[in-house]
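[1] sequence unavailable; structure follows:
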């Protein structure tokens, strides 16, 4: 399987993650998915984020690192 963003632009994913506020961290995968869906993320972004390892994330860069290690 390919690793990374599943062919999707990191900037597109990051755009939808920007709605996460610093006081929300650490944040789990389930809460990330709920928040970006609430903010109107398209299916493609949700698919990428669904590939995240199920753990707590401490920052936006930590989430992006998780996406980079996800398998698609």
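    Great, that's in hand. All figures in this text were calculated on a predicted structure; none of them were measured in a lab.
[2] please, which helix or strand holds the most centrally placed residue in the chain?
    Centroid-nearest residue in the chain: residue 49, 4.1 Å away (criterion: Cα atoms, centre = their mean). Secondary structure assigned from DSSP states H and E places residue 49 in helix 43-50.
[3] skip ahead from that helix and say which helix or strand is next.
    strand 56-57.
[4] count the neighbours of residue 21 for me.
    Each residue near residue 21 was counted by other Cβ atoms under 10 Å, and the total is 9. Using the backbone N, CA and C atoms, a C-beta is placed for each residue, glycine as well.
[5] next up, the contacts around it.
    Listed by Cβ atoms under 8 Å, 6 or more residues apart in numbering, the contact set of residue 21 is empty.
[6] give me the pLDDT value at it.
    Looking at residue 21, its pLDDT reads 90.
[7] what separates stretch 62-72 from the chain centre, distance-wise?
    8 Å (Cα atoms, centre = their mean, to the nearest Å).
[8] now do the buried residues in it.
    Buried residues in stretch 62-72, counted by 16 or more other Cβ atoms under 10 Å: 63, 66, 67, 70.
[9] correct me, but the last one touches residue 54?
    No - look at residue 70 against residue 54 with Cβ atoms under 8 Å: they stay out of range, at 10.8 Å.
[10] so where's the chain shaky on pLDDT?
    Residues of the chain that meet the criterion pLDDT under 70 lie in 1-8, 71-72.
[11] would you map the helices across it?
    Assigned helices in the chain, in chain order: 10-17, 29-38, 43-50, 60-69 (criterion: DSSP state H).
[12] among those, which is nearest residue 23?
    Comparing the helices of the chain against residue 23 with Cβ to Cβ, the closest turns out to be helix 29-38 (12.4 Å).
[13] which other residues reach the closest one?
    By Cβ under 8 Å, 6+ apart, helix 29-38 touches 16-17, 19-20, 24, 27, 45-46, 49-50, 52-55, 57, 63.
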